[in-house]
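K.L.:
curious how this folds, go ahead:
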Amino acid sequence: MRNLDTTSKRTRLVILCAMLVALAALPLLSSARSANSNSINIVNNSAREIRHVYLAPVGGDTWSENQLGDSVIAPGQSRTVNNSACDQQQIKVIGEDQNGCFLSTVVACGGDATWTITNDTAADCGQ
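P.N.:
Numbers count the residues shown, from 1 in each chain. Purely as a prediction, here's the structure:
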């Protein structure tokens, strides 16, 4: 009887440990599955010079570093931001022009996207 009781306790302990490991692994599997990589082509068909491009979670205000480095997107030019990782279904792309005004759009994650900036694209100039 004592041997059966000890075996039953060990079995329960093994099952409990397996369940805890599975629960601990769920967030890792979930984030690995939802992390997407994008390629975002930014086309500047406006009279503005785009000096900075940032990425942020939709609804968040934590911006990435400038995706353009030391370059700019002059009027009539385009630039592709590669490997823009996002862990949601969408990511916000923010452009800053030569006047310090911000333009933004939201693109879907997990594929290639194009954002065309025109003179009609609304800009937030802090006013």
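K.L.:
could you measure from the residue most central in space within the chain over to residue 95?
P.N.:
The centroid of the chain falls nearest to residue 86 when counting by Cα atoms, centre = their mean (2.2 Å). Distance check for residue 86 against residue 95: by Cβ to Cβ, to the nearest Å, it reads 17 Å. Using the backbone N, CA and C atoms, a C-beta is placed for each residue, glycine as well.
K.L.:
how far away from the center of its chain is stretch 95-107?
P.N.:
Here stretch 95-107 is found 17 Å from its chain centre; the criterion is Cα atoms, centre = their mean, to the nearest Å.
K.L.:
whoops, stretch 55-63 was the one
P.N.:
So, by Cα atoms, centre = their mean, the centroid of stretch 55-63 is 8 Å from its chain's centroid.
K.L.:
residues in contact with that stretch?
P.N.:
54, 64, 67, 81, 84, 86-88, 90-94, 106 (Cβ atoms under 8 Å, 6 or more residues apart in numbering).
K.L.:
PyMOL command to pick out the buried ones of these?
P.N.:
Selection of buried members from the contacts of stretch 55-63 for PyMOL, criterion 16 or more other Cβ atoms under 10 Å:
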select buried, resi 54+64+67+81+84+86+90+91+92+93+94
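K.L.:
take the contacts of stretch 55-63 and keep only those in strands.
P.N.:
54, 81, 84, 86, 90-94, 106 (DSSP state E).
K.L.:
for residue 103, which non-adjacent residue is spatially closest?
P.N.:
Among residues not flanking residue 103 along the chain, residue 95 sits closest, at 4.6 Å (Cβ to Cβ, 6 or more residues apart in numbering).
K.L.:
which residues in this protein form helices?
P.N.:
2-34 (DSSP state H).
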